[in-house]
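**Q** Let's see this in three dimensions:
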Amino acid sequence: MDTSKIRNFCIIAHIDHGKSTVADRMMEITETVSKREMQSQLLDSMELEREKGITIKLAPVQMHYKDFVLNLIDTPGHVDFSYEVSRSLQAVETAVVVVDATQGIQAQTLANVYLALEQDLYIIPVINKIDLPAADVEKVSLQLMNLLGCEPEDIIAVSGKTGLNVDKILDAIIEKAPAPRKTDEEWEMGSEPLLSGNAHDRPSSRGSCSLWSLPVGRENSRTAMAHSPSPTRALIFDSYFDDYRGVVLYVRIFDGTIPKNAEIRMMAAGADGLALEVGALTPKMTPATELTEGNIGYIVTNLKTTREARVGDTITLAKNSATIPLPGYKEVLPFVYAGFFPVSNDQYDDLKEAIEKLALSDSALHYEPENSPVLGFGLRIGFLGLLHMDIIRERLEREFGLDLVITNPSTSYEVTLANGEELKIRSAADLPDQSEILEIREPWVKGEIILPTEMIGGVLGLINEKRGHQTNLSYIEDRAVIVFEAPMANLLTDFYDQLKSITSGYASFNYELANYRPEDLVRLDFLVAGSRIDALSLMCHRTEADALGREITKKLKEVIPRQNYEVALQAAIGAKIIARETIGAYRKDVTVKIHTGDRDRKAKLLEKQKRGKARMKRFGKIDIPSEAFTVMLKRD
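**A** As a prediction, the model looks like this:
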């Protein structure tokens, strides 16, 4: 197919600004899906996506419109899934930026636009939900013009719900967006990518999934390489494991073609396989004889695990294979770690098998075995954020029928020991003895908050409360953009809830990892009836330890049930107790059967009861409910 008739684009926006709804109208206009098969948020195929009304996984679809082939990738809008957006941007030449007419530009809009600009993509600004009574198209247009430097006539005002003007987006993509280009000859000839220069050449500095942008925007003349066909090269931008078909890859073909039944090679992994089936997603799998240059499609392989075809790898043909791979992605590193334990140890193997299956289709999921004296065997799993953790938890419980106990989420810390050894710990229980530690470094994040100007004071106070500090303050029309730095651990639990409460829901928040910094950190332990519960231990700054210890022991008192004997709840730093709460014992009135006023008989019975409670306290075992292990998430 002539590549001049192909357009590859993705839709990016803040969460709940209507990306998937606009994609639905595009599929209706192009008659990709019949009206009988059409349903709301068609590309959100996961049950959780429909329930929560958000996109979790990117979804490609091929449409045909006015003799053009349009390859669309619908992307998530939440900050936890920004790595999905990063992968999508490298597979396309155009980005459609959707902004809600009632809410204007928000934090993830900015983050995604920065990623698109760094990739040198052609940007089409779109204002959605203009049919709502609260829509303010003029104000949002000014925000977009200030952000992108575009003209008023470049902005397309649409209604994804009614389909108004959505056809104008398709026309703009055909008329203004660039067609796929071959990669530059410097990549063909094998030169190394530059680490300085413009956005085409340097690694991106934003987002958890930094990537090298492909130099698709240059108009260099072709050398002798142009006179001979280039070796086939395709970029894997997503993959998943199908129980019945094996590993399925979503790819963008940059050079050459991949025919059905061709022998393919993963250049980074060094694995060989067969392209059992190739084709396009419309949005269901539609087989074809080959995938042609410039197109986006899928490949069903005979591989048994996605580890043999990782996201960001380059596919080439086993015969006449390429020698230089396409620039790929850096590995995604989790921000948040939590322990997942089955309620019954009999389900440990089921939990491990379920996580392995989810990890096949989620490249950001990291896990390792963990053992707790209280909870038994489980897994410590790394996530990109609390929403990512919540989605995985719900999928494990729904799709695999597991009953889980989840420990308080934490982040990773870098520890330097007195002997010079470097450690990276992901749980407070793994921290060595304080006498062996020279320095502890915690991760700090760079955050952006967009909010109405009259609410700046309260938000700055919240940032200071979290040990953060403001680094920049700018304005977009009647909104302010606060750029700040803060410790990652202090933003994990209730920061977003408090931000929404202070700003009445008008603020939006985006963050990225900045660096690790040395701080005066301590391990805060919690003791229940004198026994230390490792699963409750956490890392905190020394100045916050007293208040945090008192707060959490009070919360534990509410969730741990009363016993027949008195139970002490204590917070400690090493051997020093800094907070205590006491759960009172159930008291049975053993004197109720004495109808006389004999004082000695009553005292004898009460003394006997006292001795019995003391014996129970020595041998009794307290059953700690699962709610106690997530008390950090519900501190308020």
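
**Q** Give me the buried positions along the lengthiest strand in the chain.
**A** Once the chain is assigned using DSSP state E, the strand that runs over the most residues is strand 437-452. Judged by neighbour count (16 or more other CB atoms under 10 Å), strand 437-452 contains these buried residues: 437, 440-451. For every residue, glycine as well, the C-beta is placed using N, CA and C.

**Q** Show me which of those is closest to residue 148.
**A** In terms of CB to CB, no member of those lies closer to residue 148 than residue 450, at 15.8 Å.

**Q** thought residue 343 was touching residue 403?
**A** Yes - checked against CB atoms under 8 Å, the pair residue 343 and residue 403 is within contact range at 4.4 Å.

**Q** Could I get the full set of helices for the protein?
**A** Taking DSSP state H as the test, the helices found in the chain are 19-29, 47-52, 82-90, 107-118, 137-148, 166-176, 185-188, 348-361, 386-399, 456-465, 488-491, 495-502, 542-559, 599-619.

**Q** Nearest to residue 236, out of the ones you listed?
**A** helix 82-90 (9.1 Å).

**Q** Report the backbone C-alpha coordinates of that closest one in CSV.
**A** Once side chains and other backbone atoms are set aside, the C-alpha atoms of helix 82-90 remain, and they are given as CSV (Å, rounded to 0.1, in the frame of the first residue of the first chain):
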residue,chain,number,x,y,z
SER,A,82,1.6,7.2,31.4
TYR,A,83,4.0,4.5,30.2
GLU,A,84,1.2,3.3,27.9
VAL,A,85,1.0,6.8,26.5
SER,A,86,4.8,6.9,26.0
ARG,A,87,4.7,3.7,24.0
SER,A,88,1.8,4.8,21.9
LEU,A,89,3.5,8.1,20.9
GLN,A,90,6.5,6.3,19.5
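
**Q** tell me the average confidence for it?
**A** The predicted model gives helix 82-90 an average pLDDT of 82.

**Q** For the residue nearest to residue 397 when sequence neighbours are not counted, give me its contacts.
**A** If the residues on either side of it in the chain are set aside, residue 397 comes closest to residue 404, at 6.5 Å by CB to CB, 6 or more residues apart in numbering. With contact taken as CB atoms under 8 Å, 6 or more residues apart in numbering, residue 404 is in contact with 340, 341, 342, 343, 351, 393, 396, 397, 626.

**Q** before we move on, what about residue 313?
**A** Residues touching residue 313, when contacts are defined by CB under 8 Å, 6+ apart, comprise 236, 266, 267, 268, 269, 325, 328.

**Q** Buried only: go through these for me.
**A** The neighbour-count test (16+ other CB under 10 Å) marks 236, 266, 267, 269, 325, 328 as buried among those.

**Q** coming back round to it: from the buried residues of strand 437-452, which is closest to residue 336?
**A** Sorting the buried residues of strand 437-452 by distance to residue 336 puts residue 443 at the head of the list, at 10.4 Å, by CB to CB.

**Q** So what's the residue count around the nearest residue to that closest one once chain neighbours are set aside?
**A** With sequence-adjacent residues excluded and distances taken as CB to CB, 6+ apart, residue 443 is closest to residue 488, at 4.3 Å. The number of residues packed around residue 488, counting by other CB atoms under 10 Å, is 21.

**Q** Does residue 488 touch residue 444 like I think?
**A** Yes - applying CB under 8 Å, one finds residue 488 in contact with residue 444, separated by 6.5 Å.

**Q** Common neighbours of the two, please.
**A** Counting by CB under 8 Å, 6+ apart, the shared contacts of residue 488 and residue 444 are residue 513.

**Q** can you tell which of the helices of the chain is closest to residue 573?
**A** Of all the helices of the chain, it is helix 542-559 that lies closest to residue 573, at 5.9 Å by CB to CB.

**Q** Can you add pLDDT and distance to residue 164 and give the buried residues of strand 437-452 back as TSV?
**A** Supplementary listing: these in TSV, determined by pLDDT from 0 to 100; distance: CB to CB, whole Å:
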residue	pLDDT	distance to residue 164
437	89	62
440	93	56
441	93	53
442	93	49
443	92	45
444	93	45
445	92	39
446	92	38
447	90	36
448	90	31
449	91	32
450	89	27
451	89	30
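
**Q** Show the average pLDDT along stretch 470-486.
**A** Over the span of stretch 470-486, the pLDDT mean works out to 89.

**Q** And it, how far out from the chain middle?
**A** Taking CA atoms, centre = their mean, to the nearest Å, one finds the center of stretch 470-486 at 23 Å from the center of the full chain.

**Q** From one end of that stretch to the other, what's the distance?
**A** Distance between the two ends of stretch 470-486: 9 Å, counting by CA to CA, to the nearest Å.

**Q** Could I get the buried residue list for it?
**A** 470, 476, 479, 480, 481, 482, 484, 485, 486.

**Q** hmm, back to that, go through the contacts of residue 313 and name the one nearest residue 74.
**A** Residue 74 has its nearest neighbour among those in residue 236, at 18.2 Å by CB to CB.

**Q** Enumerate the beta-bridge partners assigned to that closest one.
**A** Residues in a beta bridge with residue 236, per DSSP bridges, are residue 251.

**Q** please begin residue numbering at 602 from this point
**A** Okay, using 602 as the starting number, the last item reads as residue 837.

**Q** any idea how far residue 604 is from it?
**A** Residue 837 sits 20 Å away from residue 604 when distances are taken as CB to CB, to the nearest Å.

**Q** ok, now residue 972?
**A** Computed as CB to CB, the residue 972 to residue 604 distance reads 55 Å.

**Q** Looking only at neighbour counts, state which of the two leads.
**A** When neighbours are counted by other CB under 10 Å, residue 604 comes out ahead of the other of residue 972 and residue 604, with 16 against 13.

**Q** That one touches residue 855, doesn't it?
**A** No - Residue 604 lies out of contact with residue 855 (CB under 8 Å); the separation is 10.6 Å.

**Q** about what we covered before: from the buried ones among the contacts of residue 914, which ones fall inside strands?
**A** 837, 867.

**Q** Among the buried ones among the contacts of residue 914, find the lowest-pLDDT one for me.
**A** Out of the buried ones among the contacts of residue 914, that is residue 929, at 69.

**Q** Residue 1047: what's it in contact with?
**A** Shown here is residue 1047, whose contacts under the criterion CB under 8 Å, 6+ apart are 1072, 1084, 1085, 1086, 1112, 1113, 1114, 1115.

**Q** what bridges to the third one?
**A** Applying DSSP bridges to residue 1085 gives these bridge partners: residue 1048, residue 1071.

**Q** quick one: it from residue 1096, how far?
**A** According to CB to CB, residue 1085 and residue 1096 sit 11 Å apart.

**Q** ok, now the fifth one?
**A** The spacing between residue 1112 and residue 1096, counted by CB to CB, is 10 Å.

**Q** Thank you kindly, that will do.
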